[in-house]
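>>> Sharing a model prediction with you, sequence too.
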Amino acid sequence: MVLSSFRILEMELDYHPELRGITVNRPPLKLLQDVPFPAWVADNWETVTNFQAKPDDLLIATFPKSGSTWMQEIVDLICRNGDVGMCKRAPVYYRVPILEFFMNNILPTGTDLLAKMASPRVMKTHLPIQLVPKSFWEQDCKTIFIARNAKDSLVSYFHFHNSCHLLPEPGTWQEFSQKFMDGQVSWGSWYDHVKGWWEAKDKHRILFLFYEDIKEYPRREILKVAKFMEKVLEEDVIEKIVQSSSFNIMKDNPMANYGTLPASVMNQNISRFMRKGEVGDWKNHFTVSQNEDFDEHYARQMVHSSVKFRNVL
């Protein structure tokens, strides 16, 4: 059964009455193996690190605001053979749970949702490679990793912090930019995150994709994902998935755009969860001097890495 966005919100309020008029206090950051996390991740770390993966689990991994929700929708559409109605059965964070989500006074935890899911399960994470539960590698699970250029990731993450009360206050644009470069934002350093997953791609079953490629060549990249998932799709199904996972469709889909959450959790009047989805939006935010400083910092951080992005420098 396909549920309207209004009914989904009613259901969430029915099952979680504390959402009515709830005040969400922004969490502090806590270090976990030298990586900063919102307190609700760090305080539940034992449950995350002890998570038992299954061999047919599929993990979607990104640094925050780098295309994970986009890939969640693509993968769910592939799993459902392009059935758009089935992909509107529930919000994306229920269909593809976030492994380390533990705001259980607001919504069900990621591990609770996964425990009730039938195999094969699909889940997402923003964890850096070194903190992914070992069971994923022991079970030889597949992972789809999406990397987005640093400048656009920074801009998107800043706007997301402004609207999402589940994260610390971002401060000013200048303050947040510096924290981003210093790796002092939730889930840590963009540089370490991307380099770590890049280096691991030849050691594990990891499909490493670039946000910019998915944006420019959606059909080609979706076919890569389907092949990786060992799914054969008919031509009309492929076209349906390309269309249904486009930014313009997803931004108006309450099952994909987090529109079911109340403003006390995510105030989309400040900034929409699916804000622009553009490549190169950083040019509307960086001053000339900021851009020069960032380029110098980026070059130092990435000098020994072979990963190359378009539209970065």
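Nice, thanks for sending it over. Residues are numbered from 1 along each chain as shown.
>>> and the spatially closest residue to Lys215 that is not a sequence neighbour, what does it touch?
Nearest residue to Lys215, sequence neighbours excluded (Cβ to Cβ, 6 or more residues apart in numbering): Val279, at 5.4 Å. Every residue, glycine included, has its C-beta placed from N, CA and C. If you count contacts by Cβ atoms under 8 Å, 6 or more residues apart in numbering, Val279 has them with Asn149, Asp152, Tyr211, Glu212, Lys215, Glu216, Arg310, Asn311.
>>> Just those residues: which are in helices?
Mapping the contacts of Val279 onto helices (DSSP state H) picks out Asp152, Tyr211, Glu212, Lys215, Glu216.
>>> isn't the second one right next to Gly67, touching?
Read that as Tyr211. Yes. Tyr211 is within contact range of Gly67, at 4.5 Å (criterion: Cβ atoms under 8 Å).
>>> and for these two, which residues touch both?
Common neighbours of Tyr211 and Gly67 (Cβ under 8 Å, 6+ apart) are Ile146, Arg148.
>>> Let me see the ranges of the strands in this structure.
29-32, 35-38, 58-62, 122-125, 142-147, 206-210 (DSSP state E).
>>> Between the ones in helices among the contacts of Val279, which sits nearest Ser289?
Asp152 (19.1 Å; Cβ to Cβ).
>>> Can you pick out the most distant pair from the contacts of Val279?
Asp152 and Glu216 (13.6 Å).
>>> With neighbour numbers in mind, choose between those two.
Asp152 (25 against 12; other Cβ atoms under 10 Å).
>>> who's the closest residue to Pro36 other than its chain neighbours bridged to?
The shortest distance from Pro36 to any non-neighbouring residue, by Cβ to Cβ, 6+ apart, is to Leu29 (4.2 Å). Residues in a beta bridge with Leu29, per DSSP bridges, are Pro38.
>>> Going forward, count from 58.
Sounds good: first residue 58 from here, last item Leu86.
>>> Which residues lie in contact with Leu86 in this structure?
Applying Cβ under 8 Å, 6+ apart, one finds that Leu86 lies in contact with Pro93, Phe94, Pro95, Ala96, Pro225, Gln241, Ser243.
>>> Quick one, grab the pLDDT at it.
In the prediction, the pLDDT value recorded for Leu86 is 95.
>>> Please enumerate residues in contact with stretch 92-111?
Taking Cβ under 8 Å, 6+ apart as the rule, stretch 92-111 contacts 84-89, 116, 156-160, 166, 168, 171, 176-178, 184-185, 188, 190-193, 195-196, 198, 223-225, 240-246.
>>> 6 Å instead, please
84-87, 89, 157, 159-160, 168, 176, 190, 192-193, 196, 198, 241, 243, 245 (Cβ atoms under 6 Å, 6 or more residues apart in numbering).
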